[in-house]
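Enquirer: Predicted model and sequence follow; I will ask about them next.
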Amino acid sequence: MRTHPSDALLTTWRADPVTLVVLVAATISYALGIRRAARHCVVWPRRRTVLFFALGLGSYAVVELGFLGAWSAQLRWAFTARIALLLLAVPALIALGKPVELARAGMGEAGRDRLDGVLSGRTARILGNAMLWFIAEAADVPVLLLRWARRDCAEAADLDALTDAEHDALVQAHLRGARAGSDAAR
């Protein structure tokens, strides 16, 4: 039985060790922050915790481990959507959990003063400037276009080397929804 192509959006997942380490580290850090805040007699709102984990880390996990993460190397639109979500949506959703405010709540007076000094310093102002990140992304576009052009040339050369029967088999596998490199595509 053939599944509908839209089902791939919900059923395609990958295991990425780096993403899993980031998720575990963020989970442990946030949990320790709640514990430290409690030691300083601060009751951290459950709503913020749910927002941090469900929307913040949840969206990061779905983007990185789901369809967009699994297919971003093969599909340009998946790569573009993944990067856009990681730059725009995921940080905003993580911010709903107020992790910096939680860190401040778990610190003593001296720690809060140091954190405030770092956040109000020149480095934080430069790195927090949206224009800097726009310029960095704009500078990266030619590199991406060059990489994609090279990949397209290599793929075209590979396709030219195929026999008609191999080409037909590849097209049929694609129409069945088989992923390149899988046993079904061969």
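Expert: Thanks, I have it.
Enquirer: For this protein, which residues score under the pLDDT cut-off?
Expert: Along the chain, segments meeting pLDDT under 70 span 1-5, 133, 137, 140-141, 143-159, 177-186.
Enquirer: Mind checking which residue lies nearest the centre of the chain?
Expert: Here the mean C-alpha position of the chain is nearest to the C-alpha of residue 64 (C-alpha atoms, centre = their mean), at a distance of 4.1 Å.
Enquirer: Helix or strand: which one has the nearest residue to that residue once chain neighbours are set aside?
Expert: In this structure, residue 64 finds its nearest non-sequential neighbour in residue 19, 4.2 Å apart by C-beta to C-beta, 6 or more residues apart in numbering. C-betas here are computed from N, CA, C, even on glycine. Using DSSP states H and E, residue 19 maps to helix 17-39.
Enquirer: And the contacts of that helix?
Expert: Contact partners of helix 17-39, identified using C-beta atoms under 8 Å, 6 or more residues apart in numbering, comprise 43-44, 49, 52-53, 57, 60-61, 64-65, 69, 97, 99, 102-103, 105-107.
Enquirer: Can you turn the buried part of these into a PyMOL selection?
Expert: Applying 16 or more other C-beta atoms under 10 Å to the contacts of helix 17-39, the buried members can be selected in PyMOL as follows:
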select buried, resi 44+49+52+53+57+60+61+64+65+69+97+99+102+103+105+106+107
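Enquirer: Helices - which of the contacts of helix 17-39 land there?
Expert: Judged by DSSP state H, the contacts of helix 17-39 include 49, 60-61, 64-65, 69, 99, 102-103, 105 as members of helices.
Enquirer: Which two among those residues are spaced furthest apart?
Expert: Comparing all pairs in those by C-beta to C-beta, the longest separation belongs to 69 and 105, at 32.6 Å.
Enquirer: follow-up on the earlier one: against residue 21, how distant is the residue nearest to the centre of the chain?
Expert: Computed with C-beta to C-beta, to the nearest Å, the distance linking residue 64 and residue 21 is 11 Å.
Enquirer: now residue 50: how far from residue 44?
Expert: With distances taken as C-beta to C-beta, residue 50 is found 11 Å from residue 44.
Enquirer: Kindly report the same for residue 135.
Expert: Between residue 135 and residue 44 the computed distance is 37 Å (C-beta to C-beta).
Enquirer: Who are the contact partners of residue 103?
Expert: When contacts are counted by C-beta under 8 Å, 6+ apart, residue 103 is found next to 33, 115.
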